[in-house]
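In: coordinates only, sequence not included:
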């Protein structure tokens with residue numbers, strides 16, 4: 001058998017002012033055929049998983065381009081079409097193929113293309129024909145569209161949020177693709193559209209036990225694959241929302257019934273899958289109610305992983321208002337301030353303006369007397385099996401507050417963001433991280449407690465207030481629940 005694998009991915013916040021061109025892909029992660037490193041990235045894990053099976057003789061592997069841009073706003077049309085056509089040309093050159101594998105995100109939006117992944121998969125299908133197995137791995141924060149479903153033989157999404165399982169799910173995808181190509185399984189897919197904007201965390205109940213049960217169901221043969229696609233609310237496209245995808249071995253009725261049952265179970269949780277979110281003025285009281293330190297707070301709605309800048313200063317101002325509390329916050333995106341601080345060097349004290357640049361919701365720039373603690377040419381931090389670069393970075397002291405500034409937008413995945421720049425987190429009462437939930441696995445072992453913040457933006461934090469124009473209706477919480485339930489019944 002012959003197989004081809006490639007990756008083209010980013011997460012698009014259509015409300016973000018940060019537009020994306022080809023240089024954003026080439027500057028973040030860009031590997032031509034055969035150049036992918038030995039370790040996977042978030043959306044390129046199928047490359048690593050396929051390599052492993054090729055070494056074992058499962059198939060002859062042709063590697064294609066693998067690239068990723070940090071989450072931001074819409075992609076320039078020429079950038080998407082150029083990268084897409086590059087991959088399609090590689091597929092044509094590799095023919096004949098029995099398997100085509102993609103590492104995608106599932107929420108890529110370009111100018112003129114609301115469903116980049118569906119477009120790519122459909123064009124790939126037109127090249128390889130109906131007999132070829134096409135498999136795609138998606139981030140669970142994807143828009144699962146009809147075009148994706150029609151073009152792909154197999155779709156497997158991450159199960160975990162935080163995303164600790166991207167390699168494991170890629171391995172699942174590759175094994176299912178091999179079995180389908182050999183004819184030992186007949187994948188049949190079914191989707192239940194929950195008609196809801198929402199999701200859950202697997203770092204807490206009930207999400208933790210639910211996902212453990214999904215994994216056990218797959219192991220026991222109840223389904224070939226079960227994916228809960230949470231959706232990505234910060235996008236004005238038709239397919240925003242929570243969906244459950246079940247793939248069985250030739251049993252369409254079973255797949256549909258199981259997808260509906262699992263979807264209705266999630267809906268029955270209400271809002272319990274996501275923890276309460278504190279306001280900035282509640283942070284100090286919460287921290288003081290916890291025995292031990294540090295208390296880690298996630299600034300979820302200024303999280304670069306959601307496509308926004310990560311330069312909001314709301315929590316900086318909150319912490320500066322309590323100079324008696326040793327605290328740390330990071331990483332804020334401000335390449336200009338980083339360059340100034342690196343030129344000044346460690347130990348230098350001077351007045352600096354930083355943050356609050358990208359949007360009105362970023363807050364006001366901070367003007368303060370700072371001392372440079374440490375600098376680095378490239379702040380490299382681990383995220384599961386991968387390594388993420390925050391680019392040139394610095395740490396600053398403003399009295400009892402330590403601040404990390406970065407040149408590259410990326411989530412605060414690991415305590416290394418602080419400790420590599422000389423900040424002792426054990427000495428801090430409060431630590432604020434710019435991340436949604438991907439920080440959790442690395443920070444939980446050192447945290448006395450973990451809590452989540454709603455600082456008001458800039459990521460749209462309240463779905464009912466997002467100015468959607470394309471989303472399918474009715475959908476909860478935008479519409480009355482009776483209308484939503486009628487739509488679910490009609491779809492059945």
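Out: Thanks, I have the structure now. As the structure is a computational prediction, the values presented were derived from the model and not from experiment.
In: helices and strands of the protein: which one bottoms out on pLDDT?
Out: Confidence across the helices and strands of the chain bottoms out at helix 481-491, with a mean of 83, counting by mean pLDDT, DSSP states H and E.
In: got the buried residues for it?
Out: Under the neighbour-count criterion of 16 or more other CB atoms under 10 Å, helix 481-491 has 484, 487-488 buried. C-beta: built from backbone N, CA, C; applies to glycine.
In: so how far is residue 417 from residue 311?
Out: 15 Å (CB to CB, to the nearest Å).
In: can you give me the strands for the stretch 301-450 of the chain?
Out: Secondary structure of the stretch 301-450 of the chain (DSSP state E, counting those that start in this stretch): strands at 327-333, 349-354, 366-376, 380-383, 386-389, 393-398, 401-406, 430-433, 449-453.
In: what helices or strands is the second one leaning on?
Out: Contact partners of strand 349-354 among helices and strands, from 3 or more CB pairs under 8 Å, 6 or more residues apart in numbering; DSSP states H and E: helix 335-344, strand 366-376.
In: Which one, of the ones you listed, ends up nearest to residue 87?
Out: helix 335-344 (30.2 Å; CB to CB).
In: Tell me what angle that closest one forms with strand 349-354.
Out: Angle of helix 335-344 versus strand 349-354, following axes from the mean of the first three to the mean of the last three CA atoms, to 10 degrees, is 160 degrees.
In: rewinding a little: closest one of the buried residues of helix 481-491 to residue 330?
Out: Nearest to residue 330 among the buried residues of helix 481-491, with distances taken as CB to CB, is residue 484, at 39.9 Å.
In: Nearest residue to residue 420 in space, ignoring adjacent ones along the chain?
Out: Once flanking residues are discounted, residue 420 sits nearest to residue 379: 6.3 Å by CB to CB, 6 or more residues apart in numbering.
In: per-domain residue ranges of the chain.
Out: Domain ranges of the chain: 2-267, 277-460, per automatic domain parsing.
In: And the helices in this structure, which stretches?
Out: Counting by DSSP state H, the chain has helices at residues 22-28, 45-55, 77-94, 116-128, 146-151, 166-182, 207-219, 252-267, 283-288, 314-320, 335-344, 416-419, 440-443, 481-491.
In: what about the domains of the chain, which gets the closest to residue 472?
Out: domain 2-267 (5.2 Å).
In: The closest one: end-to-end distance?
Out: One end of domain 2-267 sits 42 Å from the other (CA to CA, to the nearest Å).
In: before we move on, back to that, mind putting the domains of the chain in CSV, distance to residue 468, mean pLDDT and mean neighbour count included?
Out: Formatted as CSV, the domains of the chain follow (distance: least, CB to CB, whole Å; pLDDT from 0 to 100; neighbours: other CB atoms under 10 Å):
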stretch, distance to residue 468, mean pLDDT, mean neighbour count
domain 2-267, 5, 97, 20
domain 277-460, 10, 96, 20
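In: how about these, which one is nearest residue 473?
Out: Here domain 2-267 is closest among these (CB to CB), at 9.2 Å.
In: ok, residue 427 - contacts?
Out: Under the criterion of CB atoms under 8 Å, 6 or more residues apart in numbering, the neighbours of residue 427 are 293, 326.
In: Could you measure from it over to residue 293?
Out: Residue 427 is 8 Å from residue 293, by CB to CB.
In: Would you reformat the helices of the chain as JSON lines and include distance to residue 36?
Out: Shown next, in JSON lines, are the helices of the chain (distance: least, CB to CB, whole Å):
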{"stretch": "helix 22-28", "distance to residue 36": "14"}
{"stretch": "helix 45-55", "distance to residue 36": "5"}
{"stretch": "helix 77-94", "distance to residue 36": "13"}
{"stretch": "helix 116-128", "distance to residue 36": "18"}
{"stretch": "helix 146-151", "distance to residue 36": "23"}
{"stretch": "helix 166-182", "distance to residue 36": "12"}
{"stretch": "helix 207-219", "distance to residue 36": "27"}
{"stretch": "helix 252-267", "distance to residue 36": "33"}
{"stretch": "helix 283-288", "distance to residue 36": "41"}
{"stretch": "helix 314-320", "distance to residue 36": "37"}
{"stretch": "helix 335-344", "distance to residue 36": "27"}
{"stretch": "helix 416-419", "distance to residue 36": "23"}
{"stretch": "helix 440-443", "distance to residue 36": "24"}
{"stretch": "helix 481-491", "distance to residue 36": "39"}
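In: To residue 361, which of the ones you listed lies closest?
Out: Taking these one by one with CB to CB, helix 314-320 is closest: 8.8 Å.
In: How about residues contacting the closest one?
Out: 280-281, 283, 297, 299, 302, 325, 327, 329, 332, 355, 363-364, 366, 368, 398-399, 401, 403, 430, 432, 453, 455-456.
In: From residue 370, how far off is the nearest residue to residue 394 once chain neighbours are set aside?
Out: Excluding the flanking residues, the one nearest residue 394 by CB to CB, 6+ apart is residue 341, at 4.2 Å. Look at residue 341 and residue 370: by CB to CB, they are 8 Å apart.
In: residues in contact with stretch 180-193?
Out: So stretch 180-193 is contacted by 1, 59, 98-99, 133, 135, 144, 149, 153-155, 176, 179, 224, 241, 243-252, 255-256, 258-260, 262-264, 488, 491 (CB under 8 Å, 6+ apart).
In: first to last residue in that stretch, what's the distance?
Out: Start-to-end, stretch 180-193 (CA to CA) is 26 Å.
In: Any idea how far it is from the middle of the chain?
Out: 26 Å (CA atoms, centre = their mean, to the nearest Å).
In: With stretch 219-231 instead?
Out: 19 Å.
In: go on, stretch 81-95?
Out: With CA atoms, centre = their mean, you get 25 Å for stretch 81-95.
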